[in-house]
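1. Build me a structure from this.
(2 chains)
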Protein chains: 2
Amino acid sequence: MQTDAVLAHIEATLDDARERWFEFLRIPSVSAQPAHAADCGRAAAWVRDQLAAMGFDAALHDTPGHPVVLGRHPGPGGNAPHLLFYGHYDVQPAEPLELWTHPPFDPALSDGPHGPRVVARGAVDDKGQVMMWLEALRAWHAVHGTLPVRVTALIEGEEEVGSPNLDRFLAEHADALRGDVTVISDTGMWDIDTPALTTRLRGLAYMQVVVRAAKRDLHSGIFGGSALNPINLLTRILGELHDADGRVQLPGFYDGVREVPQSLQGDWAALGFDEAEFLGGIGLSVPSGERGRTGLERLWARPTADVNGIWGGYAGPGAKTVIAAEAGAKVSFRLVPGQDPAAVVRSFHDFVQARLPADARAEITGDASPGVEVPADSRFVQAAQEALAEEYGRPAVLIGSGGSIPVVGSMRRLLGMDSVLMGFGLDDDQVHSPNEKFEWRCFHKGLRSHARLLGKLAG
Amino acid sequence: MQTDAVLAHIEATLDDARERWFEFLRIPSVSAQPAHAADCGRAAAWVRDQLAAMGFDAALHDTPGHPVVLGRHPGPGGNAPHLLFYGHYDVQPAEPLELWTHPPFDPALSDGPHGPRVVARGAVDDKGQVMMWLEALRAWHAVHGTLPVRVTALIEGEEEVGSPNLDRFLAEHADALRGDVTVISDTGMWDIDTPALTTRLRGLAYMQVVVRAAKRDLHSGIFGGSALNPINLLTRILGELHDADGRVQLPGFYDGVREVPQSLQGDWAALGFDEAEFLGGIGLSVPSGERGRTGLERLWARPTADVNGIWGGYAGPGAKTVIAAEAGAKVSFRLVPGQDPAAVVRSFHDFVQARLPADARAEITGDASPGVEVPADSRFVQAAQEALAEEYGRPAVLIGSGGSIPVVGSMRRLLGMDSVLMGFGLDDDQVHSPNEKFEWRCFHKGLRSHARLLGKLAG
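-> Predicted coordinates for the structure are as follows:
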């Protein structure tokens, strides 16, 4: 009953909600670009004001980078659950601007195959997804004068640059932040008609290795056949990262990796993932990676090793017969729950060191965050499943994600909290690319789903 | 008798010779830099005028690049041998200028451990070495009114940019150029007291390979574990270039490679090459390359494979989780006499293609020139040995070179001519680097050696 009135209010005030969303999108809060530092501050203040308007005790907290917005609302009191909503107000750079069909910070509705959509930088990542739960909270507050649960809202401004100051903030404000569960909308649906909760995220070990030998660049005619070549060496090392079956060869790499339970395997099979279509979209036809695994297993439940960049010697036009003094690479490992990130980092060190001949030295840097698994049987996940099923008229599916959301691991590690990952993005939303968009239908039903979830958890 | 008078003339006019050499060095004939195109033309005209002054029929020949100087002198007539002198008037860029202790195009004598030296761009490569034989010819002409042999002089202006127009020039002027032997001064001595003739040069196959897979860069979280990674693939391919014994793994790579004859092995052993010292100078301690070979064998008589450059993906600061759409490398093979350069190029194609999975494509470009061996028992080499022994009071050693001088192969292939490689550079001459120098003693005795060689061959 309470929820029905909130949904009715949402429908009656949709235009206002859209206008607020557009206001937020017009602030070019690009965290990576110093020229937009003031815009990041403006975006933070704007969010704080939204929270204050619905009764939050809200404030900006300075960091060495962009400020964190923290708001607290007591809700109805009593033993109502305490939800920690997390999101980020910063966005990726919009460049290259010439590829946008519309100015990236001048949001507008345009027509697409699924009806109207909003094209703008941050439309979905993460301003649009944040606005869904902000508007759901606002509607509850407007209709009932308070919120049905206790809410803490944490909106940071450095997610797109790796959240360098967030863990420290979480640790320093642990008592104020700690609640029953974190709610995050920064993930996607299975497809536009099928809602999803993400229950697995891969972690990431991102390493840089630089191999050095002679003290200067050498002429390959004079020294070739006698002097160690760091590029030859680096390719030999990295070329051994996988065996012929696509398994990563770091010692102990698969320690702790768990098989996907039969029941979940069945759920994933029922999703009907078409890997040929998935790969066809990027011009490929044959899956790479570990043999003997299904497509979704490889993407969601198996760790990987990818060289993300490599450099050394001469890369210009024509020929230069140089033996370079050094060569380097960026190497990343997607991790799954059960793997120890620190052990993977150590193993990569060992893997490289074991392959260095005399005279070669390697400088290895990097760090790692773990893969995360969210318990699928918590009351919060169940409430989210019910909310989504009611809104969409079909069950929500439990999916994994091949990517990483480090804050989910931080919430677990620093606050002891699990997360509900309820997101409404689609695969073709062009996140981080020109013409980022968010389907109006996704926004609208996502907002309603958040309102329903709050009702389900009402204390 | 004839030669003694020439040597006496050389001694009496040394100051003039030095002044002419300096004049030549003052022309900044940098072939790679369009701003110096007119200077290249000036240098060519200057050389032509030198030839004309000693009775040559000399002219400039235009090419799509810088002109070739061609001069012909009939010598004494009769059955006198016909020598083709080859050299180049162009020089490498002088940059970085700030590392020069003296302006690179303002030659001056300065003191070094071996007495006076000339510091300038082109001091040794190749203006200084060209001036030795030009001055020897001039002295013969001045003393005897003609030359003791028939001489054709060919001085090009594009050696430092790969001689793109030379082969065509050789083919088109084959009848005019073809003589008994080519004489080239563009190599070095064993040490400042030990003259040398270079009888082996390695060839070079220089290849570029670019590997492509998906049609765009991918996010490694979303696609890692399913999509082919071109950098992983390229490192796997190039990492297999050598086996554990340092042998190159291209099929048929060693076809035609000949073992160094015992007698030559003995000569090389007698040189007392200290590989530890050679490597110590560049900060290395352990030889790389093929096991079971001596240091000079690996440098002079064994083929190699070196990756000279590699690129792909993200090489900036921090982390970018990209699976690049392509990755590339420059790969070169030093070749030895007996190897078929075209076969090596084909084998590299095959080597790469055999390692490409479905969905991967490789674009491979490049070309190759052969290793060259000069018959050590020709009358011309013997004459050069005698000339050097008389000048230095000790025998000349027969050495190899790990580098490549493609024109030597072209002379063989297009004109059917062998070359006498009599050069007077030292290892520390800083060729192609700031503060290039040529020892005055090397220049002086080199000039006298050339005068003696002409006397030995007098018809």
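
2. need the helices for the stretch 1-150 of chain A, in chain order.
-> A:2-12, A:14-25, A:37-53, A:127-144 (DSSP state H, counting those that start in this stretch).

3. now the angle from the following helix or strand past the longest one to helix A:127-144?
-> Secondary structure here is assigned by DSSP states H and E; on that basis, the next helix or strand after helix A:127-144 toward the C-terminus is strand A:150-156. Strand A:150-156 and helix A:127-144 meet at an angle of 150 degrees, taking axes from the mean of the first three to the mean of the last three Cα atoms, to 10 degrees as the criterion.

4. which helices and strands does strand A:150-156 pack with?
-> helix A:37-53, strand A:68-73, strand A:82-88, helix A:127-144, helix A:174-177 (3 or more Cβ pairs under 8 Å, 6 or more residues apart in numbering or on different chains; DSSP states H and E). C-beta: built from backbone N, CA, C; applies to glycine.

5. chain center to that strand, what's the gap?
-> Relative to its chain's centre, strand A:150-156 lies at 18 Å (Cα atoms, centre = their mean, to the nearest Å).

6. just stretch A:284-300 next, same as before
-> With Cα atoms, centre = their mean, you get 21 Å for stretch A:284-300.

7. Ok, stretch A:191-198 next?
-> Using Cα atoms, centre = their mean, the offset of stretch A:191-198 from its chain centre is 17 Å.

8. likewise stretch A:318-336?
-> Using Cα atoms, centre = their mean, the offset of stretch A:318-336 from its chain centre is 27 Å.

9. So for that stretch, mean pLDDT?
-> In this model, stretch A:318-336 has an average pLDDT of 93.

10. what about it, how long is it end to end?
-> 44 Å (Cα to Cα, to the nearest Å).

11. What residue in the stretch 351-459 of chain A comes nearest to chain B?
-> The stretch 351-459 of chain A approaches chain B most closely through A:G403 (2.9 Å), counting by Cβ to the nearest Cβ.

12. Per-residue pLDDT of that residue, please?
-> 88.

13. which SS state does the residue in chain A sticking out farthest from the centre fall under?
-> Largest separation from the mean C-alpha position in chain A: A:I222, at 50.0 Å (Cα atoms, centre = their mean). Look at A:I222: counting by DSSP: H, G, I helix; E, B strand; the rest coil, its state is helix.

14. Over to A:Q208?
-> strand.

15. all strands of the stretch 251-400 of chain A, in order?
-> A:306-313, A:322-323, A:326-335, A:361-369, A:372-373, A:397-401 (DSSP state E, counting those that start in this stretch).

16. Dump these to TSV, plus mean neighbour count and distance to chain B.
-> Below are the strands of the stretch 251-400 of chain A laid out as TSV (neighbours: other Cβ atoms under 10 Å in any protein chain shown; distance: least, Cβ to the nearest Cβ, whole Å):
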stretch	mean neighbour count	distance to chain B
strand A:306-313	26	4
strand A:322-323	26	5
strand A:326-335	25	5
strand A:361-369	16	8
strand A:372-373	23	13
strand A:397-401	21	7
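
17. how about those, which one is nearest A:H102?
-> strand A:397-401 (28.5 Å; Cβ to Cβ).

18. Show residues contacting stretch A:169-176.
-> A:H61, A:T63, A:V68, A:L70, A:R72, A:T152, A:E156, A:L177, A:S410, A:M411, A:L414, A:L415 (Cβ atoms under 8 Å, 6 or more residues apart in numbering or on different chains).

19. Endpoints of that stretch, how far apart?
-> Stretch A:169-176: ends 11 Å apart by Cα to Cα.

20. Report the distance from that stretch to the chain centre.
-> 21 Å.

21. give me every residue that touches the closest residue to A:E390 other than its chain neighbours.
-> Once flanking residues are discounted, A:E390 sits nearest to A:R452: 5.8 Å by Cβ to Cβ, 6 or more residues apart in numbering or on different chains. Counting by Cβ under 8 Å, 6+ apart, A:R452 touches A:T3, A:L7, A:E386, A:A387, A:L388, A:E390, A:E391.

22. and these as CSV, adding pLDDT?
-> Shown next, in CSV, are these (pLDDT from 0 to 100):
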residue, pLDDT
A:T3, 97
A:L7, 98
A:E386, 97
A:A387, 98
A:L388, 98
A:E390, 98
A:E391, 98
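
23. which of these count as buried?
-> A:T3, A:L7, A:E386, A:A387, A:L388, A:E391 (16 or more other Cβ atoms under 10 Å in any protein chain shown).

24. Contact partners for the residue lying closest to A:M207 once chain neighbours are set aside?
-> Of all residues not flanking A:M207 in the chain, A:G366 sits nearest, at 3.5 Å (Cβ to Cβ, 6+ apart). A:G366 makes contact with A:A205, A:Y206, A:M207, A:Q208, A:V345, A:F348, according to Cβ under 8 Å, 6+ apart.
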